[in-house]
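J.: Sequence unavailable; structure follows:
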């Protein structure tokens, strides 16, 4: 018997709701997946693994935490960049529990570069496009006037 004010004590067996490890992981997975749905997460790729299965595994981290991620082969075939450690990315996916190990993870459906990496790639793509059009050729360059008469149209 506990101190005064304790809640009503139930018979020992009636107070138990026993799960197996598998059943608990399955229940937690269901609760998380039903509650969160699809989310977007931004972070830096760390510990990237690319096994022969074609799936991608990594940790996504920020300055305070990390999250295990998996991207299955059918989704990562559509990537327009090569993921690498240290790259800042935006991931769209579903939060889940990998039941076998009881690990919280993000099952990534779509991945794109974020921040400086994205800007750098877009800049390089634009530069290549303009160079292919010949816009950087020496004969197209004009000298600037010593003293401009006006700025704009």
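T.: Perfect, thanks for sending it. Being a predicted model, the structure only gives us computed values, none of them experimental. Numbers count the residues shown, from 1 in each chain.
J.: Off-centre distance for the worst-scoring helix or strand of the chain on mean pLDDT?
T.: Using mean pLDDT, DSSP states H and E, the weakest-scoring helix or strand in the chain turns out to be helix 115-132, at a mean of 80. Offset of helix 115-132 from its chain centre (CA atoms, centre = their mean, to the nearest Å): 22 Å.
J.: helices and strands around that helix, which ones?
T.: Applying 3 or more CB pairs under 8 Å, 6 or more residues apart in numbering; DSSP states H and E, one finds that helix 115-132 contacts strand 88-98. Heads up, the C-betas are built off the backbone N, CA and C, glycines and all.
J.: and the helix or strand that comes right after the strand it packs on, which residues are buried?
T.: Using DSSP states H and E, the helix or strand that follows strand 88-98 in sequence is strand 103-113. Residues of strand 103-113 classed as buried: 105, 106, 107, 108, 111, 113 (neighbour count, 16 or more other CB atoms under 10 Å).
J.: ditto for stretch 35-45
T.: Residues 41, 43, 44, 45 are the ones in stretch 35-45 that count as buried (16+ other CB under 10 Å).
J.: Spatially central residue for the protein, please.
T.: In the chain, the residue lying closest to the centroid (CA atoms, centre = their mean) is residue 91, at 3.1 Å.
J.: low-confidence ranges in the protein?
T.: Applying pLDDT under 70 to the chain flags the ranges 1-15, 116-119, 153.
J.: go with 80
T.: Scanning the chain for pLDDT under 80 picks out 1-16, 115-122, 144-145, 148, 152-153.
J.: How about the contacts made by the residue lying closest to the residue nearest to the centre of the chain once chain neighbours are set aside?
T.: Setting aside the residues directly before and after it, residue 91 is nearest to residue 108 in space (CB to CB, 6 or more residues apart in numbering), at 4.7 Å. Residues near residue 108 by CB atoms under 8 Å, 6 or more residues apart in numbering: 56, 69, 70, 71, 75, 91, 92, 93.
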